[in-house]
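K.L.:
Would you be able to build a 3D model of this:
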Amino acid sequence: MVQTVLIYSMGEVIGDGLIKLPFIAGLRAAFPEARISWCAAKGETVYAGPLKAVVAGYVDEVILDGRNGARPLDSLPWSKPFDGRAFDLVIDTQENLRRSGVARRGASGRFISAARHARDKDWPMAVTDRLARLLALATDGQGAPTPLALNHPDALNAAETLLPTGPTYVGLAPGAGGQDKRWPLENYFELARRIVAKGWTPVFLFGPDEAEDAAVAAREVPQALQPERNRMDGYTAVKGPLLVIALARRLAAGVANDAGPGHMLAAGGAPLLSLQQDRRKSVKFRPAARRLEMLVAEDYGSGMGALPVDAAWAALERLVTGAA
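P.N.:
Predicted structure coming up:
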C-alpha cells in the first residue's frame with residue numbers, strides 16, 4: 001500500500017503550476033489516503049505561494065530546502081536528498097538524468113521517471129500528456145488527470161454568490177502576458193454580444209493589471225458580469241487563481257488566450273475554447289481541460305487578429321450545448 005508519495009520537480013512558476021493542477025488532482029484521486037510531498041529542487045514553487053490555497057488538501061507538504069539535485073554536488077554519494085527520507089512512490093517529472101538519479105535515492109518502493117522515458121519514440125510532446133503518462137505508469141493505468149474539486153469553503157461560497165445558480169454562464173478571459181498572444185479585445189466583445197443574444201450570460205475575467213480593458217468591456221457590453229470588480233460578496237479575501245478556479249466550476253464554457261487564465265479555467269473543470277498563436281506551442285502547452293476546443297491563429301493567417309470570430313463562435317456553441 002502506498003502511504004507516502006514524492007513528486008519531484010525543479011520548481012514551478014505560475015504557468016507551470018497551473019498546467020500541473022489536473023495532474024495533482026488525479027494523483028490525489030489515485031492515492032486518497034497517502035501523504036503527498038512535492039519537492040521543488042531549485043527551492044521555489046507557486047505551490048508554496050500564489051497557489052498554496054489551491055493545492056490545499058491535494059499536496060500535504062512542499063519541500064524547498066536541502067541538497068535535492070539542483071546542483072551537481074548534490075549527486076555525490078554522501079549527499080542526502082530529502083534529508084535522508086524515503087517514500088513508497090517517487091514520480092520524477094523532470095527529464096535530466098543526473099537529477100533523476102538524485103530523485104531515485106528517495107524511493108523505497110516504486111520509482112517513475114520522466115527522464116527514463118523521455119527518449120522513448122512515443123513520449124508525448126504535450127506537457128499535460130507527459131504528466132498523464134507518468135500518472136498512468138504510477139497507477140498501472142488506473143489514474144488520470146482530473147479537474148480540481150476545491151475544498152476551500154470561502155472560495156466555493158464566493159463563486160456561488162458571484163455566479164448564482166440559474167443563468168448559463170460563459171467565461172471570457174481576454175488577457176495574456178504578451179500582446180502578440182492576445183486575440184483582439186473587440187473580438188471578445190463581439191463574442192459577448194452573441195452570447196447575450198443567445199440568452200446566455202457573458203462573464204469577463206480580467207486580471208488586476210487590466211482595469212482599463214475591464215472598464216471598456218463594461219461600457220461595450222453592459223449585460224456582461226465582471227465578478228472580480230466592485231465586489232460586495234463578503235469573501236473578498238478569495239481572489240486571483242483561487243477565485244477563477246472556483247468560478248470555473250459554474251461556467252458552461254470559457255474562452256481564453258494561451259495564458260494563465262485558460263489553465264485556471266481548465267483546472268476548475270470548465271469546457272474551454274483555447275485561442276493559440278502558433279501550432280507548435282498549442283501542442284506542447286495544451287490546457288488540460290475536460291473538454292477542449294482549440295483554434296490556432298497560424299492556421300488562418302498572421303497574428304492573432306487573423307483568427308475569425310465566426311470560427312470561435314461555432315466552437316464555443318459546441319462547448320456550451322455539448323454538441324459533437
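
K.L.:
Could you pull out the strands in the stretch 201-324 of the chain for me?
P.N.:
Remark: strands assigned in the stretch 201-324 of the chain by DSSP state E, counting those that start in this stretch are 201-204, 253-257, 272-276, 292-296.

K.L.:
So which bits of the third one are buried?
P.N.:
Which is strand 272-276. The neighbour-count check on strand 272-276 (16 or more other Cβ atoms under 10 Å) flags Leu272, Leu273, Ser274, Leu275, Gln276 as buried. To be clear about C-beta, it is placed using only N, CA and C from the backbone, and glycine gets the same treatment.

K.L.:
and what of the last one?
P.N.:
Along strand 292-296, these residues count as buried under the neighbour rule (16+ other Cβ under 10 Å): Leu292, Glu293, Met294, Leu295, Val296.

K.L.:
What residue spans form the domains of this protein?
P.N.:
In the assignment given by automatic domain parsing, the structural domains of the chain cover 4-138, 153-321.

K.L.:
Could you check how far the closest residue to Phe206 other than its chain neighbours is from Lys284?
P.N.:
Leaving out its chain neighbours, the residue that sits closest to Phe206 by Cβ to Cβ, 6 or more residues apart in numbering is Ala214, at 4.2 Å. Counting by Cβ to Cβ, to the nearest Å, the gap from Ala214 to Lys284 is 30 Å.

K.L.:
cool, and Lys121?
P.N.:
From Lys121 across to Lys284, the span is 17 Å (Cβ to Cβ).

K.L.:
Mind checking which of these two has more residues around it?
P.N.:
Lys284 (14 against 4; other Cβ atoms under 10 Å).

K.L.:
For that one, report the pLDDT, please.
P.N.:
For Lys284, the pLDDT comes out at 87.

K.L.:
That one reaches Pro124, doesn't it?
P.N.:
No. Counting by Cβ atoms under 8 Å, Lys284 sits too far from Pro124 to count as a contact (9.4 Å).

K.L.:
how about Gln277, what does it touch?
P.N.:
Asp180, Lys181, Asp258, Val296, Ala297, Glu298, Gly303, Met304 (Cβ atoms under 8 Å, 6 or more residues apart in numbering).

K.L.:
what's near enough to touch the residue found closest to Ala256 once you drop the neighbours it is linked to in the chain?
P.N.:
Excluding the flanking residues, the one nearest Ala256 by Cβ to Cβ, 6+ apart is Gly262, at 3.4 Å. Counting by Cβ under 8 Å, 6+ apart, Gly262 touches Ala173, Gly254, Ala256, Leu272, Ser274, Pro287.
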